[in-house]
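Engineer: quick one: sequence plus predicted model below, questions after.
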Amino acid sequence: MGSVTNGRPTYFKYEVAYSVELYNRMSQLQEDHGLQWLHGLPDQFIMIFAWINSLHETPGANVDIELVTRIEMEINQVEVILGPSGDPALKIGRTAVHECWRMALLIYLYMVLCEADASDCRVVRTMKSFMRVVNRTKPGRIPDTYLANPMIIAGVAACKDRDRNIIRQRMLSVPECSTPGTSGHDAVRMLEDIWMRTRSQERAAVWVDLRIACLNVTGV
C-alpha cells in the first residue's frame, strides 16, 4: 500500500487476475487475515488496488470504458464482513472506515487508471461522498487512526478549502500523523505541498502531484 499513499511506483510489477472465485476466497479469510485488522482495509480492496496498478501499466486500459465500468461495479459490489462487536459505536466506525476506503478506491481508479484530474466530475462526485461519510463520523482516536490512509488519497482530490481543512484536522488529531518525523506527519506535509502548488498554479491536482510532493517532503 506504500505505493498507493506516496505516489511511488511499486518495486515489482504484478499480474493480477481478479476473479469472483478469488474474491470469495478473500472474503472468507478477511476476518482473521490481511490488513483489515491493522488499517481497516478489506482484503478485496487490496486486490482491486493491485488490479488497477497492473492495468495502469497496460497500454490502452485507461480508455477502455467497459473495463473501467466493470471495475467501478466490482468496487461498489464488494460486501465487507464486519467482525462481531457488542459496541454499536465501534460498528458504526468500522462501517465508516470501510466506506471511506471504497470512495478512496474509486478516486484512485479515476485519477490513476483514467488519469483524470481532481476537477473531473467522477472525482468530484466521489469526493463529495467521501466527505459526507467523514462529516457524519464523530472525530476520535478511533476511527481517525484508520481514516488517515484513505484521507491521503482523498486529500489529493480535495479542491475545496473546507474539505482540505477537515482532512488536515482529522489527520492531525492522531499521534501517528501529528508527531514530526513519522510517516503520517510526512503524509500531511505532502498534502500541504500539493494544495500549495495547485493553488499557486491555479489548477486541479493530478495523481503525479503526490509523487512530486513525496520527493519534496521526504527526498525519496
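Structural biologist: Nice, thanks for sending it over.
Engineer: find the least confident helix or strand in the chain, judged by mean pLDDT.
Structural biologist: helix 36-39 (a mean of 56; mean pLDDT, DSSP states H and E).
Engineer: after that helix, which helix or strand is next?
Structural biologist: With elements assigned by DSSP states H and E, the helix or strand that comes after helix 36-39 is helix 43-56.
Engineer: tell me what that following helix is packed against?
Structural biologist: Where contact means 3 or more C-beta pairs under 8 Å, 6 or more residues apart in numbering; DSSP states H and E, helix 43-56 is packed against helix 2-6, helix 20-29, helix 65-77, helix 88-108. In this view, the C-beta of every residue, glycine as well, is placed from N, C-alpha and C.
Engineer: for residue 165, which of those is the nearest?
Structural biologist: Comparing the helices and strands packed on helix 43-56 by their distance to residue 165 (C-beta to C-beta), the top pick is helix 88-108, with 17.2 Å.
Engineer: got the angle for the closest one vs helix 43-56?
Structural biologist: Counting by axes from the mean of the first three to the mean of the last three C-alpha atoms, to 10 degrees, helix 88-108 lies at 10 degrees to helix 43-56.
Engineer: can you pull the buried residues of helix 88-108?
Structural biologist: Neighbour-count burial for helix 88-108 flags 93-94, 96-108 (criterion: 16 or more other C-beta atoms under 10 Å).
Engineer: check which helices and strands it is in contact with.
Structural biologist: Helix 88-108 packs on helix 43-56, helix 65-77, helix 121-135, helix 141-157, going by 3+ C-beta pairs under 8 Å, 6+ apart.
Engineer: give me the mean pLDDT for stretch 199-218.
Structural biologist: For stretch 199-218, mean pLDDT is 97.
Engineer: just stretch 148-166 next, same as before
Structural biologist: Average pLDDT, stretch 148-166: 98.
Engineer: centre of the chain to that stretch, how far?
Structural biologist: How far stretch 148-166 lies from its chain's middle: 10 Å, per C-alpha atoms, centre = their mean, to the nearest Å.
Engineer: same question for stretch 89-108.
Structural biologist: Centre-to-centre, stretch 89-108 and its host chain are 10 Å apart (C-alpha atoms, centre = their mean).
Engineer: same check, this time on stretch 59-73
Structural biologist: With C-alpha atoms, centre = their mean, you get 19 Å for stretch 59-73.
Engineer: alpha carbons only: can I get that stretch in PDB?
Structural biologist: The C-alpha coordinates for stretch 59-73 follow below in PDB (Å, rounded to 0.1, in the frame of the first residue of the first chain):
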ATOM      1  CA  PRO A  59      -1.400   0.300 -22.900                       C
ATOM      2  CA  GLY A  60      -4.900   1.400 -23.700                       C
ATOM      3  CA  ALA A  61      -6.500   0.200 -20.500                       C
ATOM      4  CA  ASN A  62      -7.300   3.800 -19.400                       C
ATOM      5  CA  VAL A  63      -9.600   4.300 -22.400                       C
ATOM      6  CA  ASP A  64     -11.400   1.000 -22.200                       C
ATOM      7  CA  ILE A  65     -14.800   2.300 -21.000                       C
ATOM      8  CA  GLU A  66     -16.200  -1.200 -20.400                       C
ATOM      9  CA  LEU A  67     -13.200  -2.200 -18.300                       C
ATOM     10  CA  VAL A  68     -13.500   1.000 -16.200                       C
ATOM     11  CA  THR A  69     -17.200   0.400 -15.700                       C
ATOM     12  CA  ARG A  70     -16.500  -3.200 -14.700                       C
ATOM     13  CA  ILE A  71     -14.000  -2.100 -12.000                       C
ATOM     14  CA  GLU A  72     -16.500   0.500 -10.700                       C
ATOM     15  CA  MET A  73     -19.100  -2.200 -10.400                       C
END
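Engineer: thank you, goodbye.
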